[in-house]
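# model this:
(2 chains)
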Protein chains: 2
Amino acid sequence: MNVDAIMALSIEDMAVFCKKKGFVYPCSEIYGGISGFFDYGPVGVEVKNNIKQEWWKTFVTARDDMAGIDGAIISNPKVWKASGHADCFTDILVECQKCGNKVRADHMVEDALGQQTDGLSAEDLWKLIEENDLKCPKCQGPFSKPTQFNLMFKTVVGPAESESSVSYLRPETAQLIFTDFKAVVDNNRMKLPFGIAQIGKAFRNEISPRDFLFRSREFEQMEIEFFTHPKKTDECPFFSEIQDLNLNIWTSEAQEAKADHEKMHLKQLVSSKKANSWQAYWLGMMLRWFMDLGIRQENLRLREHLKDELAHYAGACFDIEYNFPFGWKEIHGNADRQQFDLSQHAKFSKKDMAVFVEETREKVVPAVATEPSQGVDRAFLAFMFDAYDDDSNRGNVVLKLHPKLAPFKAAVFPLVNKLDKEAREIHESLKQELPCFFDRSGSVGRRYARADEIGIPYCITYDFDSKKDKKVTVRNILDTKQARIEISGLKDTIRGLVNGDIAFEDLKPEKA
Amino acid sequence: MNVDAIMALSIEDMAVFCKKKGFVYPCSEIYGGISGFFDYGPVGVEVKNNIKQEWWKTFVTARDDMAGIDGAIISNPKVWKASGHADCFTDILVECQKCGNKVRADHMVEDALGQQTDGLSAEDLWKLIEENDLKCPKCQGPFSKPTQFNLMFKTVVGPAESESSVSYLRPETAQLIFTDFKAVVDNNRMKLPFGIAQIGKAFRNEISPRDFLFRSREFEQMEIEFFTHPKKTDECPFFSEIQDLNLNIWTSEAQEAKADHEKMHLKQLVSSKKANSWQAYWLGMMLRWFMDLGIRQENLRLREHLKDELAHYAGACFDIEYNFPFGWKEIHGNADRQQFDLSQHAKFSKKDMAVFVEETREKVVPAVATEPSQGVDRAFLAFMFDAYDDDSNRGNVVLKLHPKLAPFKAAVFPLVNKLDKEAREIHESLKQELPCFFDRSGSVGRRYARADEIGIPYCITYDFDSKKDKKVTVRNILDTKQARIEISGLKDTIRGLVNGDIAFEDLKPEKA
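So this is what the prediction gives:
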């Protein structure tokens, strides 16, 4: 691995790579695009769908304590009044008095002064702008005083343009889980503790979108709200499954002391009262999910939120951060939200959000002991960066995606064009079950390079010997080692390799 | 089957059933809901995801001539100028002069006079309103003259509320395929003929949403734009695969003669020049997809559009209709759109949309020979209605969904609670691979009924004999026949039944 090359890979480089290879395009680029909106291209949509399906399979289908939903993007606007978004989901905006340029105050100050602005109020930011005489980066004009800008996209529902018909595109998927909570409990006989999961789009009218998919205006989330008895947030029966995971953890104390993160066991979060056991469990499950899908453990860490970052209603809050070449960045958030959300919706809707607990024969409003909230697009970026290897030995980018995430599981090549028919038969058979790519164009070396660049884990070549020995050559993307495999068992072999039931070494490969 | 009961099932009945069983809820119902928006609940989201995944697998993954994308919901507003939606995507609205009630003119006239209004202009409708002295259904007030109402939801992107920052929620997924067309061709080396497919949400601000998921304001589409050389729309090499399908076809002539649909072979559509062969092929593929997933052939028909229904740029247009208990309704549309879309975008974006054709060494703007456009929610409704069986012999609703679409593939029951542990082991093993439901509550009969109602195809009971013979009883939802199956091979058996590799009769079942 060429470490220098990876270190140099910026988010802009990744955007260029994604566009060139058909992973992600700027949306409506033929019209000059639109800032903060992206389209997934032919290989990108496969990777993104694989990420979503793996997540759903692991956390919804394979569990008995989870129910899924798929809520609407536009809902009754009272939802956003109750959640606080209508009044408080704002960023601080300053406007240039000369050219009218509107910018996000904290980002402008960060860019100008190179200092963190987390948690600063509009007054704090204005003080910094005045003290440092910061001007509009476009025209050098002076800024007007900061104002609050609500990040929700508004739209009018129905033909009457009255105040009551204004609604919003959801800025998060979570609230739909709360508004459907009682319906899910009632008709699925869910008993505490349990979770409700959802995958879907959300929208935030960012003042200045930037960093490619990182801060876009339209994005997708995979969220779980996990409900427990409010007095039993610390009674996770599965805690032992993850307690001994030894991970990078950046505590609030370490952050305040300007120290680095340290390796800690997850159980230390609970024993030190930093997290309840359900929250620690779900943090562990999410970290393990990333690692099971190929992300290197050293590139992941947990960051505890500082006290002044926490919302008034929240208990502990942790981010999962990924070590991007340009620094550690949040890819996942998890808050202990206590009873805040259901209580708010009970208050605003006048509906009873309490559930009956059989053992103690009481009604309680459940606590959200833990809220694993994952950005799909940020997960996509983490997987892409972790997989991206600008390997100087091969002379092309090698995208070492986990086979479960790869857009195609195999590529089939005829060694020469006159073996087309036989190779195509193999391809036709494989692709009924697994996404598979057929390539007959250019040298085999060129075809390997093309497959490497879009992360196809196994390349299958039908050659002159194949007719005789009924075998093909299968090449592993990771180390280019090759194994000779019976055509009759090929589908099972590839399926086993993808699922992890077979290791490539089991096939006794040789160095090419 | 109780035919009377099925005949009586209205769309409102289905909405009640869907809510009660956790398939679909009115969105944000705790706040009184919002007209035209729905949330899929725990079993509904599984069925919907299965529909989408089966469609994608069949029409994208398993084909070499198809590329997928996943475009943004909000795009540069020029997209909708070029497509014509900004100026022409309207319904005709009349407003009550007394109470301000705004209604869709054609629907109001249809409801009041019981006559079709397809293709009538605002003037035609106003004439009918005046001639018949139609009044506001709410307050009996008089209507003002009709106006055009644009169905796109508007929103402002970015902090500046200028005209240029107004954009729209996409009213269809198709246009994103056209705007990404060149990027997809360039970096995926696609050669004509080929298609681009997309699944995603779309939004239409219906004046009066109605009929549950049928005419909602937020919905999901599965669309393909299939591009061919403009002179080769009739050269589909796969036509023979579907030409002999013998289907209900309602020609424009039959409609004009007030005659019923008739059985015809698909090839007759081509020989009579009603459709090009690519369009006939894709109509056949889509009909076959519905039938492969369990919809009865007699409940499907093709309806040819009448000449005056066609857009000026369109060649032939066909709907797939489903025979709902309340009548035949469109669930799928397919137009031959010729070169209209790419030409429009070439004109408005000033980008070259032509592709190079190697054989003839010429550049051509491809034609959209066929545009299979499927509403996900309408497909969901068709599958639900076709599966719904209010079987009087069992005394409960039986939802006979195809196993591939079922929310859970199996349910596991311990015959009595003291067999819990053994039954749960089977469940744990199965659900790592297949969505599986565990139920220990109430009598086995009650549990069968519960599984029937949400469409679980196979119920597995662990009983007192199971310890000795290492077998369980598997019951088929369709006819309640039961087979005794080895626990060691259970996972393979259930997987085989779901995939269709094993028929239940192969297991030598007995009548219970």
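
# Where does the stretch 301-450 of chain A get nearest to chain B, which residue?
residue A:349 (4.1 Å; Cβ to the nearest Cβ). C-betas here are computed from N, CA, C, even on glycine.

# Make sure that residue is actually in contact with residue B:29.
No - contact between residue A:349 and residue B:29 fails when scored by Cβ atoms under 8 Å: they sit 9.3 Å apart.

# overlap in contacts of those two?
Both residue A:349 and residue B:29 are in contact with residue A:179, where contact means Cβ atoms under 8 Å, 6 or more residues apart in numbering or on different chains.

# which residues touch the residue nearest to residue A:324 when sequence neighbours are not counted?
Of all residues not flanking residue A:324 in the chain, residue A:385 sits nearest, at 5.7 Å (Cβ to Cβ, 6 or more residues apart in numbering or on different chains). Listed by Cβ under 8 Å, 6+ apart, the contact partners of residue A:385 are A:9, A:14, A:322, A:324, A:325.

# Just name the closest of those to residue B:68, please.
residue A:14 (20.9 Å; Cβ to Cβ).

# Secondary structure element for the closest one, which one?
Per DSSP states H and E: residue A:14 is located in helix A:11-21.

# For that helix, give me every contacting residue.
A:23-26, A:41, A:43-44, A:211-212, A:214, A:324, A:326, A:381, A:384-385, A:388, A:397, A:453-454, B:183, B:187.

# cool, and stretch A:179-186?
A:67, A:69, A:71, A:75, A:79, A:190, A:196, A:227, A:342, A:345, A:349, A:351-353, A:355, B:19, B:22, B:25, B:27-31, B:39, B:41-42.

# and chain A, what are its domains?
Following the assignment in automatic domain parsing, chain A carries domains at A:3-74+A:154-386, A:90-150, A:408-507.

# Deepest in the core, which of those domains is it.
Stretch with highest mean neighbour count among these: domain A:3-74+A:154-386 (a mean of 19; mean count of other Cβ atoms under 10 Å in any protein chain shown).

# tell me the mean pLDDT for that one?
On average, the pLDDT along domain A:3-74+A:154-386 is 94.

# just how off-centre is it within its chain?
For domain A:3-74+A:154-386, the separation from the chain centroid amounts to 8 Å (computed by Cα atoms, centre = their mean, to the nearest Å).

# Show the contacting residues for residue A:151.
A:89, A:90, A:91, A:171, A:204, A:205, A:206.

# which residue packs closest to it, ignoring adjacent ones?
residue A:204 is the one closest to residue A:151 (Cβ to Cβ, 6+ apart), at 4.6 Å.

# now residue A:191
Excluding the flanking residues, the one nearest residue A:191 by Cβ to Cβ, 6+ apart is residue A:358, at 7.4 Å.

# Return the subset of the contacts of residue A:385 lying in helices.
Members of those lying in helices (criterion: DSSP state H): residue A:14.

# which of the contacts of residue A:385 lies closest to residue B:337?
Residue B:337 has its nearest neighbour among these in residue A:14, at 35.5 Å by Cβ to Cβ.

# Can you pull the phi/psi pair for the residue nearest to residue A:191?
Note on residue A:358: backbone dihedrals following degrees, to the nearest 10 are phi -60, psi -50.

# shouldn't residue A:128 be in contact with residue A:113?
Yes - the criterion here is Cβ under 8 Å, and residue A:128 meets it with residue A:113 at 6.8 Å.

# so what sits against both of the two?
Common contacts of residue A:128 and residue A:113 (Cβ under 8 Å, 6+ apart): residue A:134.

# Just list the residues touching the residue of the stretch 301-450 of chain A closest to chain B, thanks.
Shown in contact with residue A:349 (Cβ under 8 Å, 6+ apart): A:78, A:82, A:179, B:30, B:31.

# cool, residue A:210 as well?
Going by Cβ under 8 Å, 6+ apart, residue A:210 touches residue A:107.

# picking up where we left off before, columns distance to residue B:308 on top of the domains of chain A, output as TSV?
Output for the domains of chain A, formatted as TSV (distance: least, Cβ to Cβ, whole Å):
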stretch	distance to residue B:308
domain A:3-74+A:154-386	27
domain A:90-150	47
domain A:408-507	43
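
# which SSE is residue A:44 in?
Per DSSP H and E: helix A:42-56 holds residue A:44.

# Just list what the helix or strand following that helix packs against, helices and strands only.
Counting by DSSP H and E, the element after helix A:42-56 in chain order, helix or strand, is strand A:66-69. Here strand A:66-69 touches helix A:181-188, strand A:194-203, helix B:42-56, going by 3 or more Cβ pairs under 8 Å, 6 or more residues apart in numbering or on different chains; DSSP states H and E.

# Within the sheet, what are the partner strands of strand A:66-69, with directions?
Strand A:66-69 has its sheet partners listed here by DSSP bridges as strand A:194-203 (parallel).

# where along the stretch 251-400 of chain A do the strands fall?
For the stretch 251-400 of chain A, applying DSSP state E, counting those that start in this stretch gives strands covering A:262-265, A:300-304, A:317-324, A:327-335, A:355-357, A:362-364, A:367-375, A:388-391, A:396-399.

# In a strand, residue A:79, correct?
No - counting by DSSP: H, G, I helix; E, B strand; the rest coil, residue A:79 is not part of a strand but helix.

# related to what we said a few turns ago, I'd like the strands of the stretch 251-400 of chain A laid out as TSV, including distance to residue B:140.
Shown next, in TSV, are these (distance: least, Cβ to Cβ, whole Å):
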stretch	distance to residue B:140
strand A:262-265	73
strand A:300-304	64
strand A:317-324	58
strand A:327-335	54
strand A:355-357	47
strand A:362-364	48
strand A:367-375	50
strand A:388-391	68
strand A:396-399	67
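
# nearest to residue A:55, of the ones you listed?
Nearest to residue A:55, of the strands of the stretch 251-400 of chain A and by Cβ to Cβ, is strand A:367-375 at 7.1 Å.

# and residue A:498, which of the three is it?
Under three-state DSSP, the three-state class of residue A:498 is helix.

# Quick one: residues contacting it.
So residue A:498 contacts A:403, A:404, A:409, A:434, A:457 (Cβ under 8 Å, 6+ apart).
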